[in-house]
Structure formats: structure tokens, C-alpha cells
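> sequence and computational prediction follow.
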Number of protein chains: 2
Amino acid sequence: MYVTDPTQFVETYDDDKIVPEITHRRTMTLKPGKHLFLEGDPANRIYEVTSGVLRLTRMLEDGRRQVIAFGYPGDTVGFPSDGYYHTDCDAIVPTTLVVHRRSDLETSKGDAALHQRLLRAALREISAMQDHFMMLGRKSSVEKLASFLMVLTDRVGTPLGDFTQVSLPMTRSDIADFLGLTTETVSRTFTQLRKSKIVAIDHINTVIILKPKALRSIAEGQDD
Amino acid sequence: MYVTDPTQFVETYDDDKIVPEITHRRTMTLKPGKHLFLEGDPANRIYEVTSGVLRLTRMLEDGRRQVIAFGYPGDTVGFPSDGYYHTDCDAIVPTTLVVHRRSDLETSKGDAALHQRLLRAALREISAMQDHFMMLGRKSSVEKLASFLMVLTDRVGTPLGDFTQVSLPMTRSDIADFLGLTTETVSRTFTQLRKSKIVAIDHINTVIILKPKALRSIAEGQDD
DNA sequence: CGGAGGGTTGACTTTAATCAACAGCGGTGG
DNA sequence: CCACCGCTGTTGATTAAAGTCAACCCTCCG
């Protein structure tokens, strides 16, 4: 019930014209709460998420935390810089991964097609991070939460009658640390969206998008 | 683009045994205020800054602006995603650039060494953006400004007696939009740092770092 | 000399954070 | 099986931080 809809994942693959080969594929699984790597670890592997959800985080000395990204199926994680990882990464649900050796991908010796994929993934990542900047720096709490829900709707939403269902495997605290808010504010903002009938909250970790257009226009700051 | 200290850049060159050839190098210059590209333009070129400073920005419909990065010498700008630029880019001082055709860099046909450079630049960019996330999402206004000044000190600071001088070619409004603050808050925060004798403000666009250690510990959230 | 734009400062408002209480659920063990 | 504990989430009251609105200054330039 946690896991991201497999059809979504297949589509992502189709879009990218990536047909994974059985040969030369190393896969692994990761249990919830288990770390894939920590900030400062030497970065020898690059991973592609095939199912589940990862959480990439950074911490300040005093415990303040920023969730950099959630790694959904189709995402690549573990981009190295100067040979090291610059975030912690752990699983929030059981997760399966394809493992690539960094040396295969980064040096000229490796497969050119794999190379291409890494570069494309990095460029997509940069673009996604640019959206995230605008969100962190310039949006209000409702706009942040609406943006977050829209992204998830577009990526991993599943149709449910006339509406779209989105599962939120992460805690409120994860959402808060992703959006640069507190858990209390996230909670209040959910309540606000629920009371204005834009979303319904099914179970704590399942929301139903009732008015996608309204949600999107909030996300983009059109109403104020 | 945000943090890459210049020695780093030189080392990267050495590591890769890339000595840019005069041949096949196309350069250009850009006057202050002139745009290099706009959000949504097809991304056919990738640029390396050789002198000057660029500003990369994104806008919301209602005019709210986020400065994504400043492009200093050694930085690469114009990373495409889906074939388009996702930010505006203009010069804030006279700027010179090396121009690369995207097709040369991104497709398998191009020079493998150039390929490598693009990938490295993209990975550095991702790492820098991760710092910026923490700053936007979790730091207070003083911490933000201190972080900004530290990065500039490390990258482009020039020794001045016992101290370090940093020039700020961008306006207060650019700094505000980079840090997710208002110009008023930036101004007040400069005053605060000036009054506590951590920096001195020479000319509007030149600051002198009097207590780098104090500034760094504020930036990292050690004092509160 | 005068005007425009960028920057600073002050007074006040708004937003989200903080502090605190409590509800719901899920697991554990008596 | 039920009681209790601990964790996550919600809600309320209050506070703190940054935003807004406004006045003013300074400098650069025509």
C-alpha cells in the first residue's frame, strides 16, 4: 500500500527510452529507516530508484534539518561532488535500487549510453532544484504545500473516481523539513486546504485532490 | 555556481588534463543588464564565465523573483533540461564567456573531455545548490547573509591588510532575492553586522570582513 | 541643479515559529 | 484482552521574526 504505482514507473522508463538490460544490472533493496549513504561518505556508487521512496537530507550542527529531495522511482541519487556524498540518504519505505559503479559512469571509459543517462539525470535534477528554490525562497506556507502536493500528484498520483489520490509515505516532519516549515504549520496548512475542500485527507498518509485546478493556482501564487 | 572555490576549478582542469585550446574556442562579451538567455528559450549553448558576474533568476507571475545563482568566473551556466533554459540569465557587470555548442557537449558525438567537464560542472552545481537549500529553508536572516558573505569571501575575496575585502556588484535587491528576504531586511542585517564590528561597509558595494571566524560561525548557525 | 533610483531607517503588521496541551493509533506486556 | 506508553499529528495561545508601508537620504547623472 505504500509503494508507488508500478505503472507510473514503467511509463517513466518508456518516456526516457530506457530499457534496462538484465545483464550488468546490480540491484539491491533497502528497509525503511536504513541508510544508503551518509554525508561525507566516499561516493563510489550511484543509484537509480526502481520502487519505494528515499529521503535525502542535510543537517546543521544544532539539529536543524533540510530535506533536499525525495527519491521516487525513476530518480537517480548519489550524485558525487569531489568524490563524496553531500547528503544523508535513507529509505522511508522498502525500496529497491539499481546500483551503478561511479567509475563506470563518470570516467570516459564507461558505457557512453550510461554516461548520457547520468548527465540527463543530473540536468533534470538541476531543473527540479530550481523549482524548489523558488518554493523555499519566495512562497507562503499554503503555496509551498500546494506546490508539493501538485508535484506528487503529477508524478505519483493515482486516479480515484473523478479525483486523484496521492500517498504520502513521509511524516509531517519530513514534509516540513522539505518545505522549510515546522510540523505545526504543515498540519495547520493541511487543515486549511481540507476546510476549503481543495483536498480531503483519507488516512494520515493519503490525500485526495478534490480541486486540482484550485490547488495548482495556489501553488503558482495566482490567488492571494 | 554558488560555491566553487577557484582553486578547485584549476585543480579540476589539472586533473582532467584539459588545457583549453585556442582553436575551437568561441568567446563573447555581455554588457551589464543584457540577457544571455531567457527562461523558455531553446538551450543550444552552454557558457563558461571567464570574467564578470552573471545573474540567474526565475520569476512568478505576480513578480516575485528568486535569484537562483550568481555566475562567477569558473562557473558554467546554461544547463539545459528538456532542451530549454529554465532561468533567465543576464550580466550585472561586463562579462566575458566561452561559448560551447550544446550538441558538442551533450551528444555522444562530442569530445569526451568536454563531456567530462560538463558533467563535473553539473555535479558541482548540484552540490552547491544543496548548500543553498539549507540556507533558504532553515537559516535566519543573519545566518543567510553571513553564509552569502562567507561564500563570496572564500571565492572572490581579496586580502586587504589583515582583513579580506569583498566586492558586491549586485544590488541589495539581488541579494534579497537570492537569500529569500526583502531589501529592507538585507539592509537592516548589514547594519547589524556592521554595528557588531564583524564587517565594515566601505562603499555600498564593498564590504571588509573584520572577523571572519565570527562571520563563519554565524553562517553555520553556531551562535544564536 | 534637480530628479531618479538605490539604500537606510522607523513604525507597525503579518506570518509562521514556539510553547503547550491533548487526541489517536499502534505496539507491548502484564 | 486490556492498559499503558510513546510517537505522530492536531489545535490553541502567544511570541518572535521578517514583511510591509512610508519617509528620507545620498549619490550619480543628465
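Cool, the structure landed.
> only C-alpha atoms from now on, for both contacts and neighbour counts.
Noted.
> A:Tyr72 is in contact with A:Glu48, isn't it?
No: using Cα atoms under 8 Å as the test, A:Tyr72 is too far from A:Glu48 to be in contact (9.1 Å).
> which residues in chain A form strands?
Here chain A has its strands, by DSSP state E, at A:26-30, A:35-37, A:45-51, A:54-59, A:65-71, A:76-77, A:88-91, A:95-101, A:158-160, A:163-167, A:199-203, A:206-209.
> what's next to the third one, contact-wise?
Strand A:45-51 has contacts (Cα atoms under 8 Å, 6 or more residues apart in numbering or on different chains) with A:3-4, A:6, A:9, A:71-79, A:94-102.
> pull up the pairing partners for that strand, direction included.
Using DSSP bridges, strand A:45-51 pairs in its sheet with strand A:76-77 (antiparallel), strand A:95-101 (antiparallel).
> quick one: that strand to strand A:26-30, angle?
Relative orientation of strand A:45-51 versus strand A:26-30 (axes from the mean of the first three to the mean of the last three Cα atoms, to 10 degrees): 70 degrees.
> average pLDDT across strand A:45-51?
Strand A:45-51 shows a mean pLDDT of 96.
> ok, A:Leu123 - contacts?
Contacts of A:Leu123 (Cα under 8 Å, 6+ apart): B:Phe79, B:Pro80, B:Ser81, B:Ala122.
> swap in A:Arg120?
B:Ser81.
> any chance of the strands paired with strand A:45-51 in a markdown table, with mean neighbour count too?
Below are the strands paired with strand A:45-51 laid out as a markdown table (neighbours: other Cα atoms under 10 Å in any protein chain shown):
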| stretch | mean neighbour count |
| --- | --- |
| strand A:76-77 | 24 |
| strand A:95-101 | 19 |
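> wait, A:Val199 touches A:Ala214, no?
No: at 9.8 Å, A:Val199 does not count as touching A:Ala214 under the criterion of Cα under 8 Å.
> more crowded one of those two?
Using other Cα atoms under 10 Å in any protein chain shown, the more surrounded residue of A:Val199 and A:Ala214 is A:Val199, with 25 against 16.
> tell me how far that one lies from DNA strand D.
Per Cα to the nearest atom of the strand, to the nearest Å, A:Val199 is found 12 Å from DNA strand D.
> contact partners for that residue?
Going by Cα under 8 Å, 6+ apart, A:Val199 touches A:Leu193, A:Val207, A:Ile208, A:Ile209, A:Leu210, A:Lys211.
> retrieve the pLDDT associated with it.
pLDDT at A:Val199 comes out at 97.
> same check on A:Thr7?
Note on A:Thr7: pLDDT of 32.
> got it, and the one 4 residues further on?
According to the predicted model, the pLDDT of A:Glu11 comes to 30.
> coming back round to it: among the contacts of A:Val199, which ones are buried?
Using 16 or more other Cα atoms under 10 Å in any protein chain shown as the burial test, the contacts of A:Val199 include A:Leu193, A:Val207, A:Ile208, A:Ile209, A:Leu210 as buried.
> any chance of those residues in CSV, plus distance to A:Leu145 and pLDDT?
Compiled in CSV, the buried ones among the contacts of A:Val199 are given as follows (distance: Cα to Cα, whole Å; pLDDT from 0 to 100):
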residue, distance to A:Leu145, pLDDT
A:Leu193, 9, 97
A:Val207, 12, 96
A:Ile208, 14, 96
A:Ile209, 13, 97
A:Leu210, 15, 97
